[in-house]
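[1] Sequence and computational prediction follow.
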Amino acid sequence: MPKESFLVNRIKSVGFALKGAFLLIRTEASIKIQLFIAIVMTIAGFYFKISNLEWILQIFAIGIVMGIEGLNTAVEKIADFIHPEFDEKIGFIKDIAAGAVMLVSIASTIIGLIIYLPKIL
């Protein structure tokens, strides 16, 4: 069987990544909420005419929260697959992953407050 070219492999990889993103959005309630917040904040960015730097920070904050949420979901799914019954060690791992989402969510909220509070007040 001939080896596929680098370009074909990259195109397939992008396809798998898009499939994963759509699966995440379609199946996970938490990412749906985060996507809604991302849309609201994007609309707010246009409304308040935020600067280029503020856009960069906002897009980064949105991306990191949604990306870490995706990793958290993957950790939960694989943990449940490996050990479907409750297990204290699996619970510990899942709590750490959820904690990572919380930490980036807090940081992103602070970024949002820094950007928007001066514009609102």
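    All right, it came through fine.
[2] C-alpha only now, for contacts and for neighbours.
    Noted.
[3] ok, longest helix in this structure?
    Longest helix in the chain by number of residues, with DSSP state H as the criterion: helix 88-120.
[4] What helices and strands are in contact with the helix or strand of the chain with the lowest mean pLDDT?
    Within the chain, confidence by mean pLDDT, DSSP states H and E is lowest for helix 6-27 among all helices and strands, at a mean of 93. Using 3 or more CA pairs under 8 Å, 6 or more residues apart in numbering; DSSP states H and E as the contact test, the elements touching helix 6-27 are helix 29-47.
[5] so who does E69 touch?
    Contacts of E69 were listed using CA atoms under 8 Å, 6 or more residues apart in numbering, and they are S30, I31, A98, V101.
[6] biggest separation within the residues you listed, which pair?
    Using CA to CA, the contacts of E69 span at most 12.7 Å, a distance reached by I31 and A98.
[7] which residues of this protein score low on pLDDT?
    Flagging of the chain using pLDDT under 70 yields the residue ranges 1-2.
[8] how much space between the residue nearest to the spatial centre of it and I33?
    In the chain, the centroid-proximal residue (CA atoms, centre = their mean) is M66; its distance is 1.0 Å. For M66, the distance to I33 equals 10 Å [CA to CA, to the nearest Å].
[9] Pull up the overlap in contacts between these two.
    Common neighbours of M66 and I33 (criterion: CA under 8 Å, 6+ apart): none identified.
[10] returning to what we had before: quick check: buried residues in the least confident helix or strand of the chain?
    Buried residues in helix 6-27, counting neighbours by 16 or more other CA atoms under 10 Å, are found at L24, I25.
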